[in-house]
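> Sequence first, predicted coordinates after that:
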Number of protein chains: 2
Amino acid sequence: MTVTERPRHVTMKDVAQVARVSQSTVSRVLSGAPPAVPISESTRARVLDTAARLQYRPNPLARGLRGAPTMLIGAIVRDVTDPFFAVAIDALSRHARRRDYSVVLGHAREQAEEALALAAVLEARQCDAIVLLGDVREEPGLLEDLGAVDGPVVELWRGAGDGRFPAISVDNADGMRQAIRHLSELGHERIAFVGDPEKADVAVRLEAYRESGDDVVTVRNTAQDGAAALDVLLDRPNPPTAIAAATDVLAFGLLHRAAARGLRVPEDLSVTGFDDIPLAATAVPALTTIRMPIDAMAEAAVERAIGASTETSVFATELVVRASTARPGEHSVPPEGDAARREDAP
Amino acid sequence: MTVTERPRHVTMKDVAQVARVSQSTVSRVLSGAPPAVPISESTRARVLDTAARLQYRPNPLARGLRGAPTMLIGAIVRDVTDPFFAVAIDALSRHARRRDYSVVLGHAREQAEEALALAAVLEARQCDAIVLLGDVREEPGLLEDLGAVDGPVVELWRGAGDGRFPAISVDNADGMRQAIRHLSELGHERIAFVGDPEKADVAVRLEAYRESGDDVVTVRNTAQDGAAALDVLLDRPNPPTAIAAATDVLAFGLLHRAAARGLRVPEDLSVTGFDDIPLAATAVPALTTIRMPIDAMAEAAVERAIGASTETSVFATELVVRASTARPGEHSVPPEGDAARREDAP
DNA sequence: ACGCCGCGCGCATACGATTGCCTACAATCG
DNA sequence: CGATTGTAGGCAATCGTATGCGCGCGGCGT
């Protein structure tokens, strides 16, 4: 074996030279497509062989420069740390894959600067389409920037879309009403709401809550803030018997602080979440929450992004009753019970 | 406003035409670099102005074709859904940002095929470096494929690296010993281990556990499996008084099932986790766990990836004592207590 | 035997940005 | 006043791939 100094990158030209054909022939053979130009079987085989021997890899940059699709969907997400978005990304990636696309992810991390740099990366044909996950309203220049992008932009769970881009969304208001109705039907009369109305989707949930209640604590969307919110609520003169949290993460904080204060859930306090993150089913106690059809929504977003569909539907939520809600002062149904669904049990 | 049919993409040529200069001049002005060729102030201003007016965006593909760095770090992660990796990605992204790099993420989702497609995307100068998060041993062709990549490849939390690529890792064995020692010092004698030894890092933790115990339940890394593992352990003739989980996610499952069975933690059972995911501090009860210096490790990985450093250090873990561990049959210290650290309280 | 057709393939150019080299003009020097 | 230096900027090659167009050659028809 001879010493090859710096194998830098094997190009078509290299393959062509070795195979004793022109670079265009190599291109035609390797493109695989129905050859607009006929190639003899012997030549084709020779090219294919040398390409394999030389470990040729097409350069996507050069391909893209010629206008070829990158088969990449860019996803901009506000905060990867949010368990809900993690699941969403996973679903998005799975459905993209089924369509032969890959997902590249950049995240905004609640910082405008970052989001901007990201947008610059994703645009300009680095990827064929962009999916916005969650509410990215806070990024001032981002949306504006995105307007200049070539490919389609789809919003997924944007909350209250302003119609700037097609959106795949969920009926947040109805979801919150389902939670409130569930608590009402159990006999709760003093129901509080905890959430961060800065996020568009939470704002919609809050608005739906306001139709029947007005005991609101505003916090950032962390379990720690959820815990602190419980203290605020319980130190009120007439504390609630049930709390509807805007997200599961907040509900986790509520459950934690309730236990720390010696309060039993659901006997002394009922708690509902929103999102049905993976850990919700194994919370202590298992969390009653509102589930969204993540999988179907991700699929819709992918189809919209790659132009396979032009629909922008609003998906329905589903109440998942577990063990964190009960009649005031009563035990929940079975101690381990998922009244409505059971798929969570191992 | 005139009708602009298909603004396709504003190129330097367009800017040059409008600004009445040559395309090379536009390039020189916009590159910003110390001009090897002098440019008059008036020309520079004119170019800058028209570029802004026309909303010019450089095409990164064309840049990359000429060999320019993409300022992108590719991250390949096994499973975005894992809360631990979510935090890691966040840290990675932050540190990359500080160095003017962005992170693009692709995930393997435990599927070889997917990982391969991803590698193809990331290689070939689409990004300047690649960071592997977690154990990707299972992907057969991936590592091999990665060997052919131009840029540097760094493994982060790969567990037991095979030395193929430089690795930033954590002392998993010592971490597990810290947990076991903590439980021993509390007086526990029957300590069980729950984890998925298929993952390299968990395998190391298991090995360290084996130095002092042999009550092992093998499961996949989900909270549901953790819950099921508790049933297995408690139905044994001589059940453990403490369980060291290989990850926080498993510990969540253990806590859930313990509560569902009416078992009090930590009075009847002590539980330790591993990772210190964000929700660990607000588990019910707050989870005693092993923390890793995620931030420092992510920083090290970024520096290694972009060639700013050549060190491959092994980082130390830290025991974080919260409320899920106590002497057998005894209450934990303060009900809400973080004995060792307090930064978790809101 | 000559022209025509079609197969198989190479030439050349384009994509957008970078960069080495060269030109044109002005100012300054000898 | 001619030569030199410096300033300002254009020309064209280049990166790797795709593709329209055209060229040569062999076989077949008349």
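Cool, the structure landed.

> Identify all contacting residues around stretch A:62-75.
The contact list for stretch A:62-75 (CB atoms under 8 Å, 6 or more residues apart in numbering or on different chains) reads A:60, A:89, A:92, A:96, A:100-106, A:121-122, A:125-133, A:302, A:305-306, B:59, B:61-62, B:65, B:121. C-beta: built from backbone N, CA, C; applies to glycine.

> which of those residues count as buried?
A:60, A:89, A:92, A:96, A:101-106, A:121-122, A:125-133, A:302, A:305-306, B:59, B:61-62, B:121 (16 or more other CB atoms under 10 Å in any protein chain shown).

> and DNA strand C, which of these contact it?
B:N59, B:A62 (CB under 7 Å from any atom of the strand).

> so A:V217 touches A:V194, yeah?
Yes. Using CB atoms under 8 Å, A:V217 makes contact with A:V194 at a distance of 4.8 Å.

> Can you pick out the residue with more neighbours from these two?
A:V194 (31 against 20; other CB atoms under 10 Å in any protein chain shown).

> Make sure the more buried one is indeed in a helix.
No. Secondary structure of A:V194 (DSSP: H, G, I helix; E, B strand; the rest coil): strand, not part of a helix.

> If it is in a bridge, with which residues?
Following DSSP bridges, A:V194 is listed with bridge partners A:V217, A:A245.

> Can you give me the pLDDT of it?
We have a pLDDT of 98 for A:V194.

> how close does it get to DNA strand D?
54 Å (CB to the nearest atom of the strand, to the nearest Å).

> how much space between the closest residue to A:R236 other than its chain neighbours and A:L255?
Of all residues not flanking A:R236 in the chain, A:D215 sits nearest, at 7.8 Å (CB to CB, 6 or more residues apart in numbering or on different chains). Going from A:D215 to A:L255 by CB to CB, to the nearest Å gives 19 Å.

> Strands of the stretch 1-150 of chain A, residue ranges please.
A:72-77, A:102-107, A:129-133 (DSSP state E, counting those that start in this stretch).

> ok, back up a step: hey, what's in contact with both of A:V217 and A:V194?
A:A229, A:L233.

> before we move on, back to that, ok, now which ones touch the residue nearest to A:R236?
A:R190, A:I191, A:A192, A:F193, A:L233, A:R236, A:P240 are the contacts of A:D215 under CB under 8 Å, 6+ apart.

> so which residue of the stretch 151-300 of chain A comes closest to DNA strand D?
Nearest residue of the stretch 151-300 of chain A to DNA strand D, counting by CB to the nearest atom of the strand: A:G151, 18.2 Å away.

> pretty sure that residue belongs to a strand, no?
No. Counting by three-state DSSP, A:G151 falls outside a strand, being coil.

> how about the nearest residue to it, chain neighbours excluded?
A:A129 (4.7 Å).

> which residues does the one you found contact?
Taking CB under 8 Å, 6+ apart as the definition, contacts of A:A129 comprise A:I73, A:G74, A:G151, A:P152, A:V153, A:V154, A:A305, A:I306, A:G307.

> out of the residues you listed, who has the most neighbours?
In these, the most neighbours by other CB under 10 Å go to A:A305, 30 neighbours.

> For it, grab phi and psi.
The phi and psi values for A:A305, taken as degrees, to the nearest 10, are phi -70, psi -40.

> and what of A:I191?
According to degrees, to the nearest 10, A:I191 has phi -110, psi 130.

> Count the neighbours of it for me.
With other CB under 10 Å as criterion, A:I191 counts 20.

> Could you find the closest non-adjacent residue to it?
A:A242 (4.7 Å).

> can you check A:L250 too?
Nearest non-adjacent residue to A:L250 (CB to CB, 6+ apart): A:G226, at 3.7 Å.

> Check the secondary structure at the one you found for me.
helix.

> List the residues that contact it.
A:V194, A:V219, A:A245, A:V249, A:L250, A:A251, A:F252, A:G253, A:L254, A:H256, A:R257, B:T282.

> how much space between the second one and A:A229?
Right, A:V219. Counting by CB to CB - A:V219 and A:A229 are separated by 5 Å.

> show me where pLDDT drops low in chain A?
Scanning chain A with the threshold set as pLDDT under 70 gives A:1-8, A:35, A:107-125, A:136-150, A:159-163, A:330-346.

> try 50 this time
Low-confidence segments of chain A (pLDDT under 50): A:1-6, A:332-346.

> re earlier: can you name the two of the contacts of A:A129 that sit furthest apart?
A:G74 and A:G307 (15.0 Å; CB to CB).

> in the stretch 201-346 of chain A, which spans are helices?
Using DSSP state H, counting those that start in this stretch, the helices found in the stretch 201-346 of chain A span residues A:223-234, A:248-260, A:294-305.

> can you tell if stretch A:28-37 touches chain B?
No. Stretch A:28-37 lies out of reach of chain B by CB under 8 Å from any CB of the partner chain, never closer than 14.2 Å.

> If you tally nearby residues, what's the number for the closest residue to DNA strand D within the stretch 1-150 of chain A?
The nearest approach of the stretch 1-150 of chain A to DNA strand D comes at A:S24, 2.8 Å away (CB to the nearest atom of the strand). Applying other CB under 10 Å, we find 11 residues neighbouring A:S24.

> just A:S22 next, same as before
With other CB under 10 Å as criterion, A:S22 counts 13.

> what do you get for the one 10 residues further on?
A:G32 is surrounded by 8 other residues when neighbours are defined as other CB under 10 Å.

> List the contacts of it.
Taking CB under 8 Å, 6+ apart as the definition, A:G32 has no contacts.

> how about the longest helix along chain A: buried residues?
If you go by DSSP state H, chain A has its longest helix at helix A:83-98. Going by neighbour count (16+ other CB under 10 Å), the buried part of helix A:83-98 is A:83-97.

> So which bits of the stretch 1-150 of chain A are right by DNA strand C?
Near DNA strand C, when you scan the stretch 1-150 of chain A using CB under 7 Å from any atom of the strand, you find A:20-25, A:37-40, A:42-44, A:62, A:65-67.

> repeat that with 10 Å
Within the stretch 1-150 of chain A, the residues that sit near DNA strand C (CB under 10 Å from any atom of the strand) are A:12, A:16, A:19-29, A:35-44, A:46-47, A:61-68, A:124-125.

> Which one, of the strands of the stretch 1-150 of chain A, ends up nearest to B:F274?
For B:F274, the closest of those is strand A:102-107, at 25.2 Å, according to CB to CB.

> close to DNA strand D, is the closest one?
No. Using CB under 10 Å from any atom of the strand, strand A:102-107 stays clear of DNA strand D, with a minimum separation of 17.3 Å.

> Which neighbouring elements make contact with that strand?
Counting contacts by 3 or more CB pairs under 8 Å, 6 or more residues apart in numbering or on different chains; DSSP states H and E, the secondary-structure elements packed against strand A:102-107 are strand A:72-77, helix A:83-98, helix A:112-122, helix B:83-98, strand B:102-107, helix B:112-122.

> ok and the second one relative to strand A:72-77, angle-wise?
Compare the direction of helix A:83-98 with that of strand A:72-77 by axes from the mean of the first three to the mean of the last three CA atoms, to 10 degrees and you get 170 degrees.

> Output the contacting helices and strands for helix A:83-98.
strand A:72-77, strand A:102-107, strand A:129-133, helix A:248-260, helix A:294-305, helix B:83-98, strand B:102-107, helix B:112-122.
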